[in-house]
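Asks: Need coordinates for the following:
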Amino acid sequence: MEQIELTVPEEYEEVRLDKCVSELMGEKLSRSAIQKMIKAGEMTVNGKAEKVSFALHADDVISFTLNDPIDPEIKAEDIPLTILYEDEDLLIVSKPKGMVVHPAPGHLEGTLVNALMFHCKGSLSGINGVLRPGIVHRIDKDTSGSLVVCKNDATHHALAQQFAVHSITRKYYCICQGNVKEDEFTVDKAIARHPVDRKKMCVSTDKNARRAVTHGKVLERFGNYTYLECSLETGRTHQIRVHLSSLGHPILGDTIYGGKDYKGMGQILHAGVLGFVHPRTGEYLEVTCDLPLYFQEILRIFRTSKS
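Replies: Got it, this is the predicted structure:
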């Protein structure tokens, strides 16, 4: 028997309990078996039995017991990593654009987790289950930049708490469409999952929407485009993308939220600064991840055109 605890990722906000567990567990537990466990009260959310259709929130903890241990089928792969910082408890990596953070059903190879399993030789926290070892937060596939990974459960718990109270420093850099008039601005708009397209988020006044706050600062203007620094006060799924789109300034290349592609370079969004209090030392640790070459090239083109 094995006790399982799954922390609900942000991308599963408002998703049904049975659907979430099914996708997180993959082929290890069938949808029908999950529904039977829920109906029998053998699966709880934050210690309380819920219905199969219960709408989850990010960071909810789903608990249940499996009679047979899970056999991880996620393979360690020798994929190069760019490591910005590393010690015995954690590491901060620069995730390249186009790389998925963690495996999912039907996509079990070539992810950041596969690379981490090879690099860390199995020394990763297990709180988020076999598909997300060491992962305490994530960034989108098409977003590049810094991401912290936990090597043990104590570090994971400590950092998860800092994320929960929004004390983590997270600065993103992007190029959005249009000329943002205010030098500095704040977007305070609640976000919920899109009522029709479940892969998208949207600004919402629904009772289940969660408050989301983004602070923006103009770094440079290029007429029809603006180079921004965006600091997260909260960390909702697709937060910066949704907020900027709601202002009429979608991120360049973010076609899901209204952005237009530019020279085939895709979404121009980079997680540049990540800072937090180190769980072991108690000292503030901040790491800067340089802009990737594709981002620098677009800035060069815009600056040349501007001059």
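
Asks: from here on, contacts and neighbour counts on C-alpha atoms
Replies: Will do.

Asks: what helix or strand is residue 19 on?
Replies: In the assignment (DSSP states H and E), residue 19 maps to helix 17-25.

Asks: SS state for residue 155?
Replies: helix (DSSP: H, G, I helix; E, B strand; the rest coil).

Asks: Ignore what I typed, I meant residue 64.
Replies: Put simply, residue 64 is strand when judged by three-state DSSP.

Asks: And it, how far from residue 264?
Replies: Note on residue 64: its distance to residue 264, by Cα to Cα, to the nearest Å, is 45 Å.

Asks: Looking at the two, which is more packed in?
Replies: residue 64 (18 against 8; other Cα atoms under 10 Å).

Asks: quick one: which helix or strand includes the residue most central in space within the chain?
Replies: Residue closest to the mean C-alpha point of the chain, counted by Cα atoms, centre = their mean, is residue 138 at 2.6 Å. In the assignment (DSSP H and E), residue 138 maps to no helix and no strand.

Asks: Likewise for the one 4 residues further on?
Replies: Remark: residue 142 resides in no helix or strand, with elements defined by DSSP H and E.

Asks: quick one, what contacts the residue nearest to the centre of the chain?
Replies: Counting by Cα atoms under 8 Å, 6 or more residues apart in numbering, residue 138 makes contact with 101, 147.

Asks: What's the per-residue pLDDT of it here?
Replies: Per-residue confidence at residue 138 stands at 92 (pLDDT).

Asks: residues in contact with residue 6?
Replies: 61-63, 127-129.

Asks: what's around residue 174, how many residues?
Replies: Residue crowding around residue 174 was assessed by other Cα under 10 Å; the count is 25.

Asks: ugh, typo on my part, it should be residue 168
Replies: By other Cα under 10 Å, 21 other residues sit near residue 168.

Asks: wait, is residue 241 part of a helix?
Replies: Yes. Assessed with three-state DSSP, residue 241 lies in a helix.

Asks: the strands in the stretch 1-150 of the chain, which residues?
Replies: Counting by DSSP state E, counting those that start in this stretch, the stretch 1-150 of the chain has these strands, from start to end: 2-7, 43-45, 48-49, 61-66, 82-86, 90-95, 144-150.

Asks: Serialize those strands to a markdown table and add fields for distance to residue 306 and mean pLDDT.
Replies: A markdown table is the format used below for those (distance: least, Cα to Cα, whole Å; pLDDT from 0 to 100):
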| stretch | distance to residue 306 | mean pLDDT |
| --- | --- | --- |
| strand 2-7 | 47 | 89 |
| strand 43-45 | 54 | 96 |
| strand 48-49 | 59 | 94 |
| strand 61-66 | 51 | 92 |
| strand 82-86 | 33 | 98 |
| strand 90-95 | 30 | 98 |
| strand 144-150 | 26 | 98 |
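
Asks: out of these, deepest packed?
Replies: strand 144-150 (a mean of 26; mean count of other Cα atoms under 10 Å).

Asks: show me what contacts residue 65?
Replies: Counting by Cα under 8 Å, 6+ apart, residue 65 touches 1-4, 42-43.

Asks: excluding its backbone neighbours, what's nearest it?
Replies: Nearest residue to residue 65, sequence neighbours excluded (Cα to Cα, 6 or more residues apart in numbering): residue 3, at 4.5 Å.
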